[in-house]
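K.L.:
fold the following and give me the result.
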Amino acid sequence: MPEFSLPDIEPGSRLGHYVISEKIAEGGMGAVYKALEMNLERYVAIKVLHDTFARDEAHRAQFLEEARAVAALRHRNIVPLYFVGEEKGLRYFAMAFIEGETIEDVLHKNGPLDGPTAYWFLAQAIAALEYASRSGIIHLDVKPSNFLVDQDNIVMLTDFGLAARHFKMRPDDEHELLGTPSYASPEHVLQNEADLRTDVYCLGATLFHLMTGRLPYESENVEDVCRSHVFEAFPLEKALKAGAPKGWVSLMMRMMEKKPEYRFQTYQELLAALDRVDYFRHGELNLGPPAERSIRRALPRTPAAPESMYGLLPPRLECVDRNGYAIKKNYTAAEVEEEVLRRPRPLAIHALGTHAQELSEAHEADFTDLMQSMQKMPLLRAAVDELTRFISAVSDDRADTDASKIELIGLQRTRNLALTILMLQSPWVPLRPLNWQPFWQYSVATGLLVEMILDMLELPATPLGYSAGLFHDVGRVALAELAPNTYIGTMLHAMRNDLSLMTVEREVFECDHAQVGEMWLRRHHVNKAVVQAVRHHEAPEEAGDASLGGVLRVKAATVETLALATHSASHLARQLGIGFNGDTYLQDGCWSELPSTKALWEMRRATAMSQDDFRGFFLESCRRFPEFGFTQTAGPAILQTDEEAEI
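P.N.:
Reported below is the predicted structural model:
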C-alpha cells in the first residue's frame, strides 16, 4: 500500500482508530487535525509530523521514548497526550481537543495584553513548564500558538512534539532548525545543549509578542531572524514604544538574555520576579559566573532575584536609580563610633538593645511561663513546631504535646526563641529600611547552629552561644542605618566584584561590621563574652588574647570557644543557604575544612562520635533546617521615601 503525505489527509480519512474531521492548523513541524475517536465518542486533536521528521529510525525511536514521558504528564495547564501512533509512514500523536482559542488568537482579536492579562497568562504558562521540567521534559517549541485558552479561561500548553528529556538538540541534518524561528533561543540556532532556560527564553519571546503585538526580531529572511536571536541586543526601544510597562520589559530582557546563565535559573525565580513585576529592574545587578573558578558564592536557598539583592531590597527600593547607591564618600572609624555611641538622634536599631541584653543573660527558664507563652504567642508555637519537626526528622525523638515539644527543644532554647520573637516585633524603623527578613533568618539559624555544634561536641555548656550567633552580624544593620545609600552601594560593589563584604566595609568605613557590632552591643551592656565573641567572630584565632576587663572577667577560653563556634556556624548557615546576610563571598573550602571547625573538633569531649557522623549531620541533615516564619515580623515595617541624611 503506498504511503500518503499530509495533503492526502482529507475529512473522513482514518489514522488508526481516529476519523479526521477537519484541518485546524499547519506549521513547520506538521499539521493539526480535529478527529473523532469512535470508541469513546470524543473529539481529539491529532498532530501529524511532516515526512522530514518521520523517516529517520533514530528520530522515530527518540520520538516514541519522549512521547511516553510526555504522556505521563498530568497537570491542569498541560493538554493531555492520549496516543502515539504511526500510519502509512506518518507519525502522529493524539491530544485532548480543547474547545477554545490560542493565546495568539486572543492577541489578534483583542490586541496586545495589558499587565493583568499578561500576569494571568504568564503565571499559568510558568506552572505548566515548571511541572514539565520537574518531570525532566523540556518543551523546545514554546510560542503563542501552543498555548490554548479553554472556556474556563485556563491556559493550557500543548504540542510537545519537539519535547526532549535529554536536553540536547538533535536535528536530522546540520542545517535544520528545531523550533519556530520567531521565538527560537540562541541554543536552537547554534544547536547547543538545551535545558529549562531554553524554554524560558522562548517564553520571553512569546511574552514580547503578546505585550507589544510585534515579534522581537522581524525580517522576511529566516536566517536574519535567527542571527538576531544570537547576536542582536534585546529590542528595548521597540518594547517601550509599544507601551509595555518598564517592569515587564525588564522581565522580558532577563528571560531573553543571550547566555543561559544570565537568564532566570529556575521557574521559582521567574515566578518571584513576576510577583513584583511592577518594580522589577534587570541589568543593575547581574551576577554571572564568578570571574575565577576558585570563588564560591553564598546564595540563599529560597529563590530571590539578584536585582533585589537576593531579597534584601524591597520592591519600592528596587525601582530607585541604582546610581543613588554609589559609594560617594568614605568615613572614618571615629565618625562611625561617634554615631553608634553618641549620636544626638538615637539610631532606630537601639530599640532592640534591651532585648539583646536580656538574651545574653543567663536566667533559668521557667517551664510554666513557657507553657503560658506558647498559649499567648502563636508565632512561638509555630517556631517550636518547626524546630520540633526538624529534630524529629533527623533523630528518633518525637513530641506531640506542647510540654513534650518544650522538653525536646530545651527550656533555654524555647526561651531564646520567645525573646527573639518579642525583639523582632519591636517597631524599629530606619529612614530607608531594607527587608531584613532574610538577614534574621540567617542570624537565628546561626545562633541555633552554634548551640548545636557545641552540644554535639559536648563542649562546656554556655547560655551565651545563641546570643553570639544571633548578634554576630548586627553591625551590618547599624551601618545600613547610619549610611543607607552608601551601605547598599557597599554591598552591591562586593557582590558585583566577588569581594568579601567585610573587605569593602573596611575600605569605605575604616572599620567592619564586627567592630561596629561590638560598639553597639557594648552600648547596650550586653554580656562581655558575647561582645568579644562578636568582635572576633571573623578572626576567631585572635579571641584567645581578648581582654574582657572589669570585675566580672570571663575566661578567655570561653570567648575563644564562642568566637570559633560563631565563625563555624555562620559559615555553615551561608553554605547551606539559610537566609541571607548580604555577603555573597564564601570563604574557600568546605565548612568541615575551616580552621574554626577543625579547632572545635580537636576540643571535643564527645569521643564516641566519628568525624564522618559530625560532618554528615551538619552538611546533610541540616539542609532541612527551618527558615523560621516569625522573621517575617522583623522591622522595619514602614517605608519612608524622604531624602535620607547619611552620617
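K.L.:
start to end distance for stretch 259-276?
P.N.:
24 Å (CA to CA, to the nearest Å).
K.L.:
show me how far that stretch is from its chain's centre.
P.N.:
8 Å (CA atoms, centre = their mean, to the nearest Å).
K.L.:
so what touches that stretch?
P.N.:
With contact meaning CB atoms under 8 Å, 6 or more residues apart in numbering, stretch 259-276 is reached by 119, 122-123, 126, 129-130, 133, 186-187, 195-198, 200-201, 204, 247, 251, 254-257, 280, 286, 288-289, 303-305, 307-308, 315, 318. All C-beta atoms are positioned from the backbone trio N, CA, C, and that covers glycine.
K.L.:
please apply the same query to stretch 117-134.
P.N.:
Applying CB under 8 Å, 6+ apart, the contact partners of stretch 117-134 are 73, 75, 77-78, 103, 113, 138-139, 142, 147, 153-157, 160, 163, 196, 199-200, 203, 206-207, 210-211, 248, 267-268, 270-271, 274, 277.
K.L.:
can I get that stretch as PDB, trimmed to CA atoms?
P.N.:
Extracted in PDB, the C-alpha atoms of stretch 117-134 (Å, rounded to 0.1, in the frame of the first residue of the first chain):
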ATOM      1  CA  THR A 117      -3.800  39.800  31.400                       C
ATOM      2  CA  ALA A 118      -0.100  39.200  30.900                       C
ATOM      3  CA  TYR A 119       0.200  38.100  34.500                       C
ATOM      4  CA  TRP A 120      -2.800  35.700  34.100                       C
ATOM      5  CA  PHE A 121      -1.200  34.200  31.100                       C
ATOM      6  CA  LEU A 122       2.400  34.000  32.300                       C
ATOM      7  CA  ALA A 123       1.700  32.600  35.700                       C
ATOM      8  CA  GLN A 124      -0.200  29.600  34.100                       C
ATOM      9  CA  ALA A 125       2.500  29.200  31.400                       C
ATOM     10  CA  ILE A 126       5.200  29.000  34.100                       C
ATOM     11  CA  ALA A 127       3.100  26.500  36.100                       C
ATOM     12  CA  ALA A 128       2.900  24.200  33.000                       C
ATOM     13  CA  LEU A 129       6.600  24.500  32.100                       C
ATOM     14  CA  GLU A 130       7.800  24.100  35.700                       C
ATOM     15  CA  TYR A 131       5.800  20.900  36.100                       C
ATOM     16  CA  ALA A 132       7.200  19.500  32.800                       C
ATOM     17  CA  SER A 133      10.700  20.400  33.800                       C
ATOM     18  CA  ARG A 134      10.300  18.700  37.200                       C
END
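K.L.:
before we move on, the earlier item: buried members of the contacts of stretch 117-134 into PyMOL, please.
P.N.:
Selection of buried members from those for PyMOL, criterion 16 or more other CB atoms under 10 Å:
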select buried, resi 73+75+77+78+103+113+138+139+142+147+155+156+157+160+163+196+199+200+203+206+207+210+211+248+267+270+271+274+277
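K.L.:
before we move on, back to that, narrow the contacts of stretch 259-276 to those in strands?
P.N.:
Per DSSP state E, strands hold no members of the contacts of stretch 259-276.
K.L.:
among the residues you listed, which are located in helices?
P.N.:
119, 122-123, 126, 129-130, 133, 186-187, 196-198, 200-201, 204, 247, 251, 254-255, 315, 318 (DSSP state H).
K.L.:
next SSE after the helix or strand bottoming out on mean pLDDT in the chain?
P.N.:
Least confident helix or strand of the chain, by mean pLDDT, DSSP states H and E, is helix 315-318 with a mean of 57. Toward the C-terminus, helix 315-318 is succeeded by helix 333-342 as the next helix or strand (DSSP states H and E).
K.L.:
average pLDDT across the next helix or strand after that following helix?
P.N.:
Per DSSP H and E, the first helix or strand lying C-terminal to helix 333-342 is helix 353-359. For helix 353-359, mean pLDDT rounds to 93.
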